[in-house]
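**Student:** okay, here's the prediction I keep looking at, along with the sequence it came from:
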Amino acid sequence: DGAMFLLGSIAKVLSSSSLSNQIESVLGSCILPELKSKYGFLRMRACWTIEQYDNITISPATSMEMFQNVLTCMKDKLLPVRVAACSALG
């Protein structure tokens, strides 16, 4: 949770830095798996983190995987996860 919060909090700085070309790999390897976590709070935080990076350009494959997993979170049994997923699609 802490790592996702940190990544989301510095999204604007990272997106405009020289590290911006590595954001997609971090999202794919660290954030995407958490969208399927058994813990609702981590699913919610992963959706929030993805929302923070809505302005970056990523590959179609990663984008589609994110989209599908966020859609799955929109059907989650927990309301906070559904709300965060809806925000992430915005």
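**Tutor:** Ah, there it is.
**Student:** from here on, just use CA atoms for contacts and neighbour counts.
**Tutor:** Noted.
**Student:** give me the longest helix you can find in this structure.
**Tutor:** Ranked by residue count, the top helix of the chain under DSSP state H comes out as helix 60-74.
**Student:** what sits up against that one?
**Tutor:** Here helix 60-74 makes contact (Cα atoms under 8 Å, 6 or more residues apart in numbering) with 24, 28, 32, 35-36, 43, 47, 81-83, 85-86, 88-89.
**Student:** mind checking the SS state of the residue lying farthest from the centre of the chain?
**Tutor:** Going by Cα atoms, centre = their mean, the residue of the chain most distant from its centre is residue 18, 20.5 Å out. For residue 18, the assignment made with DSSP: H, G, I helix; E, B strand; the rest coil gives coil.
**Student:** torsion angles phi and psi at it?
**Tutor:** The main-chain torsion angles of residue 18 are listed as degrees, to the nearest 10 and equal phi -70, psi -10.
**Student:** quick one: contacts for it?
**Tutor:** Residue 18 neighbours (Cα under 8 Å, 6+ apart): none.
**Student:** the longest helix of the chain: what's the following helix or strand?
**Tutor:** Sequence order places helix 79-89 as the next helix or strand after helix 60-74, per DSSP states H and E.
**Student:** name the helices or strands packed onto that next one?
**Tutor:** With contacts defined as 3 or more Cα pairs under 8 Å, 6 or more residues apart in numbering; DSSP states H and E, helix 79-89 has these neighbours: helix 40-52, helix 60-74.
**Student:** in the first one, what's buried?
**Tutor:** Pointing back at helix 40-52 there. 40-52 (16 or more other Cα atoms under 10 Å).
**Student:** do the longest one as well
**Tutor:** Using 16+ other Cα under 10 Å as the burial criterion, the residues of helix 60-74 that qualify are 66, 67, 69, 70, 71, 73, 74.
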